[in-house]
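K.L.:
sequence first, predicted model second:
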Amino acid sequence: MTRNRDKIVRVVLLGLVVGLSAGGCAKGQGAMTSPHEAQQAAIRLLEESERQADLAWPTTPSPSAERCESGVRFGYYVPVQVETDTKQLAETFQRFWESKGLTVSPSKTDFGQRRGILYSATADKEGAPSAAYQISDTTVVIRVVSQCAEGSLDDYEQ
């Protein structure tokens, strides 16, 4: 059963990543930010989000660079294994992101007694980093994506 739950979580997380990748570079945002400023804003939101839950968060990972409509943005993906009150944690992240001015779109999927409930949300604000979470009985994942910055994906490919 754990393998099935892990597969479900991976599929839902893939949807989360794709959903966040679609936003963040809206037309009409005005002056583009620098890549450094975009990364710093995203890291700040990630670290502030992590402080909302007393969990064993890993070190902030290196970002993935992603193409956006008129530049590049940076994504941070942070998973942590947990045993916690999933509903309370989801509500905590939602309240925090709303306090930061983000529009939060939460959802809840009940996979039954054997697999539990999966809480997820995306949080967006024009001209600012976006965020998302996935919370299951065993794992919490936060993904933060910076706003679109000037530059090219080619500058960050290795």
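P.N.:
Structure's in. What do you need?
K.L.:
would you map the helices across the chain?
P.N.:
With DSSP state H as the criterion, the chain has helices at 2-22, 35-50, 86-99.
K.L.:
same question for the first one, mean pLDDT?
P.N.:
Helix 2-22 shows an average pLDDT of 46 in the prediction.
K.L.:
before we move on, what about the second one?
P.N.:
What helix 35-50 shows for mean pLDDT is 96.
K.L.:
swap in the last one?
P.N.:
Rounded to a whole number, the mean pLDDT of helix 86-99 is 96.
K.L.:
ok, residues contacting that helix?
P.N.:
Here helix 86-99 makes contact (C-beta atoms under 8 Å, 6 or more residues apart in numbering) with 48-49, 52-53, 104, 106, 108, 116-117, 119, 121, 123, 131, 133, 135-137, 140, 142. C-beta here means a position set from N, CA and C on the backbone, and glycine is covered the same way.
K.L.:
residue 151 reaches residue 73, doesn't it?
P.N.:
No: between residue 151 and residue 73 there is no contact, the gap being 9.5 Å when judged by C-beta atoms under 8 Å.
K.L.:
okay, those two: which has more neighbours?
P.N.:
residue 73 (30 against 18; other C-beta atoms under 10 Å).
K.L.:
and that one, how far from residue 141?
P.N.:
Plainly put, residue 73 is 18 Å away from residue 141 if you go by C-beta to C-beta, to the nearest Å.
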